[in-house]
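Asker: have a look at this fold, sequence not included:
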């Protein structure tokens, strides 16, 4: 999978969530740091809601290192973030490892060795490692709760963006490929 936001090798598996946001912005490069800070903080709060000592910052030796990575107690990386800017918008993308850190560690080791990049497999972690029993559904619920709160606060200042009929039809056609399973009520 190629991440639009770029970065070094990361591991996607059944235990990973991808959170991607496209944010309208007439001058996206002027607010790069602001987006990193605010969206990483939102994710940190989501993880804290799950009982995790979540922190923002790189762990030495982590895969795909970044100043706005999310970690558990400064020990293991839980999520990474990247951005890509285009005219009129910014794309912010997170890779969140909920479960399966052993698989990610095993896959990333040879990749980083082949690329001759610094990597310490002991820094690969997941939300489940930080708080045993956490599931993909738990993580998604916590993130969506914080995201909805954030958007509710900003809804008066955001103008809806209309999609042209062709783009809307294509998005509707492909939606099931990217939608999380329905949650039981």
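Answerer: Perfect, thanks for sending it. Just so it is clear, the model here is predicted, and its values are computed rather than measured. Numbering: from 1, shown residues only.
Asker: quick one: average pLDDT of the lengthiest strand in the chain?
Answerer: Ranked by residue count and defined by DSSP state E, the top strand of the chain is strand 76-86. Averaging pLDDT along strand 76-86 yields 93.
Asker: stretch 139-154 now?
Answerer: 90.
Asker: list the contacts of that stretch.
Answerer: By Cβ atoms under 8 Å, 6 or more residues apart in numbering, the list of residues contacting stretch 139-154 from outside reads 17, 19, 42-43, 45-47, 49-50, 96, 98, 127, 158, 180, 183. Where you see a C-beta, it was placed from the backbone N, CA and C, and this is true even at glycine.
Asker: residues contacting residue 21?
Answerer: Applying Cβ under 8 Å, 6+ apart, we find residue 21 in contact with 39, 91-93.
Asker: let me redo that: residue 79
Answerer: For residue 79, the set of contacting residues under the criterion of Cβ under 8 Å, 6+ apart consists of 43, 47, 69-70, 94-97.
Asker: mind running it again at 6 Å?
Answerer: With contact set as Cβ atoms under 6 Å, 6 or more residues apart in numbering, residue 79 has these partners: 70, 94, 96.
Asker: wait, residue 95 sits on residue 13?
Answerer: No. Here residue 95 does not reach residue 13: they are 10.4 Å apart, not a contact under Cβ atoms under 6 Å.
Asker: list the contacts for the residue in the chain sticking out farthest from the centre?
Answerer: With distances taken as Cα atoms, centre = their mean, the residue sitting farthest from the centre of the chain turns out to be residue 165, at 29.1 Å. Shown in contact with residue 165 (Cβ under 6 Å, 6+ apart): no residues.
Asker: when you filter the contacts of stretch 139-154 down to buried only, what's left?
Answerer: 17, 19, 42-43, 45-47, 49-50, 96, 98, 127 (16 or more other Cβ atoms under 10 Å).
Asker: show me the residue at the heart of this protein, geometrically.
Answerer: For the chain, the residue whose C-alpha lies nearest the mean C-alpha position (Cα atoms, centre = their mean) is residue 94; its distance is 1.8 Å.
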